[in-house]
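>>> Okay, sequence plus prediction incoming.
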Amino acid sequence: MQKVTAILLGAGNRGAQAYAPYALNYPHELDIIAVAEPDEARRSAFAAAHRIPQEHAHADWEELLAQPKLADIAIICTQDQMHYEPTLKALELGYHVLLEKPMSPSPEECVEMERMAKKHNRLLTICHVLRYTAFWTAMKRVIDEGKIGQIVSIQLNENVGNMHMAHSFVRGNWNNSDLSSPMILAKSCHDMDILSYIMGEPCERVSSFGSLMHFNAENAPEGAPARCLDGCPAEASCQYYAPKYYLGSGKNWAAKFTTDTSLEGILEALRTTPYGKCVYRSDNNVVDHQVVNMEFASGATAMFSMCGFTRDNTRIVQVMGTKGEIRGNMEEHTFTVTDFVTNEQNAIHVHASEEGHSGGDVGIVRSFIREVRGYAGGESESSAAASVRSHLMAFAAEESRVNGGKPIEIEQFYKTFVKV
């Protein structure tokens, strides 16, 4: 079996903990031979874990990509607004690229990345990991077998989970669209992609509503300081009080923003990083709830709802067809298929992988390695070509939301970003 070699750009949570562990668990398949990461502690830890020599451990992606091509693939997990330039440079050098989602906060850059992948005849695969989970692949198989007839409508709820919302989208890296991406892109481009995947046809128009309703200064408890550790009078009653969340069993979450997970290390991080801020006094501006209505080429419709105020962090789906329906809960790894003729119900329980995103993180790396080994042109399962279409659904939804829910025609919207 041919071993594939890789370089990693961005050794943060997704790069170092979601995709790179494949090389440690399956060293006969993947070897990461170079890394670029600006945080010295993360860079050193990653280089040690993967036995990367010092001359191949860089603080800047430009240093790494200034060298001649070193490996077969480039795994790019930089921040959202830093995807475009390293992706284009890697494609130009001849790397196949595995790129963390979203592709870019700019629709023009997304379209250009797709074009450059085709120009250089390289794979550009976007990390829409839900496609690679047992839950969604099994559901897709049932639909493709015609078990529920033609899809008429889909309802998909993304239950973000109130604590995940506060961690990632109020205090965290994706809290401000000016610095990262709108919520519908940063969090829910997964959902736009899976709806496109399940439906199997182009989305033609969207409309959307949503807002930042709760996490703002007017909802702060009386007397609440800028940071939780500065003596908050609502300490006992606030569900978002940072020490309550990040200490004790919350150390797993704390490890996402500090390499020192000792008690003092976490407390110091809460004193100095955004993760210790009061959620009502942060610089966040992304929505905490949003709905999107979609119409597809056949006339089928879909309704998507994202909400940050839920107990569970899961996706709940109902697919309604002419011959039957599917109802499922991703966290429970189960969906039920109902036949309208016989009234039979068949519960399908898929293997509940303990890997990230229910096995999707491992699944996409495994699939990408296989596609690189056998590459003879063509597109991957979650190619840039497919991803641009679902990204445009998200961009159009945001355009609609900020313009009072005005319907957006996808094809016309797309043409505004294509270079003639």
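Great, that's in hand.
>>> Roughly how far does residue 179 sit from residue 346?
To residue 346, residue 179 is 46 Å away according to C-beta to C-beta, to the nearest Å. All C-beta atoms are positioned from the backbone trio N, CA, C, and that covers glycine.
>>> What of residue 337?
5 Å.
>>> Those two: who's more crowded?
Set residue 337 next to residue 346 and count neighbours by other C-beta atoms under 10 Å: residue 337 wins out with 21 against 13.
>>> who's in contact with that one?
142, 147, 148, 324, 325, 326, 345, 346, 348 (C-beta atoms under 8 Å, 6 or more residues apart in numbering).
>>> How about the secondary structure of the fifth one?
Per DSSP: H, G, I helix; E, B strand; the rest coil, the secondary structure class of residue 325 is strand.
>>> looking at it, it is touching residue 317, isn't it?
No - look at residue 325 against residue 317 with C-beta atoms under 8 Å: they stay out of range, at 10.5 Å.
>>> Between those two, point out the one with more neighbours.
The neighbour comparison of residue 325 against residue 317 (other C-beta under 10 Å) goes to residue 317, with 24 against 20.
>>> Can you tell me what sits against the one helix or strand the more buried one maps to?
Residue 317 is located in strand 314-321, with elements delineated by DSSP states H and E. When contacts are defined by C-beta under 8 Å, 6+ apart, strand 314-321 is touched by residues 139, 143, 148-159, 161, 191, 198, 325-332, 335.
>>> So which residue is dead centre in this protein?
Centroid-nearest residue in the chain: residue 101, 5.1 Å away (criterion: C-alpha atoms, centre = their mean).
>>> from what I can see that residue touches residue 131, true?
No - between residue 101 and residue 131 there is no contact under C-beta under 8 Å: 11.1 Å.
>>> Name the residues contacting each of these two.
Taking C-beta under 8 Å, 6+ apart as the contact rule, residue 101 and residue 131 both touch residue 193.
>>> elements contacting the lowest-mean-pLDDT helix or strand in the chain?
None of the helices or strands of the chain scores lower by mean pLDDT, DSSP states H and E than helix 251-254, at a mean of 86. In terms of contacts (3 or more C-beta pairs under 8 Å, 6 or more residues apart in numbering; DSSP states H and E), helix 251-254 is packed against helix 242-246, helix 263-272.
>>> so what does the longest one touch, helix or strand wise?
Which is helix 263-272. Partner elements for helix 263-272 (3+ C-beta pairs under 8 Å, 6+ apart): helix 242-246, helix 251-254.
>>> likewise the first one?
Other elements packing on helix 242-246 under the criterion 3+ C-beta pairs under 8 Å, 6+ apart are helix 251-254, helix 263-272.
>>> Nearest to residue 352 among those would be which one?
helix 251-254 (18.7 Å; C-beta to C-beta).
>>> contacts for the closest one?
Under the criterion C-beta under 8 Å, 6+ apart, residues 163, 167, 245, 246, 247, 261, 266, 269, 275 lie in contact with helix 251-254.
>>> Name the residues of it that come out as buried.
253, 254 (16 or more other C-beta atoms under 10 Å).
>>> In PDB, list the C-alpha atoms belonging to it.
In PDB, the C-alpha atoms belonging to helix 251-254 read as follows (Å, rounded to 0.1, in the frame of the first residue of the first chain):
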ATOM      1  CA  LYS A 251     -11.000  20.700  31.100                       C
ATOM      2  CA  ASN A 252     -11.600  19.100  27.700                       C
ATOM      3  CA  TRP A 253     -13.100  22.400  26.500                       C
ATOM      4  CA  ALA A 254     -10.300  24.400  28.100                       C
END
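>>> re the thing from before, can I get the contacts of residue 337 in CSV with distance to residue 124 and pLDDT?
CSV is the format used below for these (distance: C-beta to C-beta, whole Å; pLDDT from 0 to 100):
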residue, distance to residue 124, pLDDT
142, 30, 97
147, 33, 96
148, 33, 98
324, 37, 98
325, 36, 98
326, 31, 98
345, 41, 97
346, 38, 96
348, 33, 96
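>>> From start to finish, how long is stretch 64-77 in a straight line?
With C-alpha to C-alpha, to the nearest Å as the measure, stretch 64-77 spans 14 Å from end to end.
>>> With just CA atoms, put the strand holding residue 317 into PDB.
C-alpha atoms of strand 314-321 as PDB (Å, rounded to 0.1, in the frame of the first residue of the first chain):
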ATOM      1  CA  THR A 314     -27.200  17.400  17.500                       C
ATOM      2  CA  ARG A 315     -29.000  17.500  14.200                       C
ATOM      3  CA  ILE A 316     -32.600  16.300  13.900                       C
ATOM      4  CA  VAL A 317     -33.900  15.600  10.400                       C
ATOM      5  CA  GLN A 318     -37.200  14.700   8.700                       C
ATOM      6  CA  VAL A 319     -37.100  13.800   5.000                       C
ATOM      7  CA  MET A 320     -40.600  13.600   3.500                       C
ATOM      8  CA  GLY A 321     -41.100  11.700   0.200                       C
END
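>>> Mind listing the strands that strand pairs with, and their directions?
The strands beside strand 314-321 in its sheet (DSSP bridges) come out as strand 151-159 (antiparallel), strand 324-329 (antiparallel).
>>> in that strand, what counts as buried?
Applying 16+ other C-beta under 10 Å to strand 314-321 flags 314, 315, 316, 317, 319, 320, 321 as buried.
>>> what distance separates that strand from the middle of the whole chain?
Distance, stretch centre to chain centre, for strand 314-321: 19 Å (C-alpha atoms, centre = their mean, to the nearest Å).
>>> for stretch 201-217, same thing?
Per C-alpha atoms, centre = their mean, the centroid offset for stretch 201-217 relative to its chain is 17 Å.
>>> circling back to that earlier point, can I have the buried ones of the contacts of strand 314-321 as a PyMOL selection?
Of the contacts of strand 314-321, the buried ones can be selected in PyMOL as follows, counting by 16+ other C-beta under 10 Å:
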select buried, resi 139+143+148+151+153+154+156+157+158+159+161+191+198+325+326+327+328+329+330+331+335
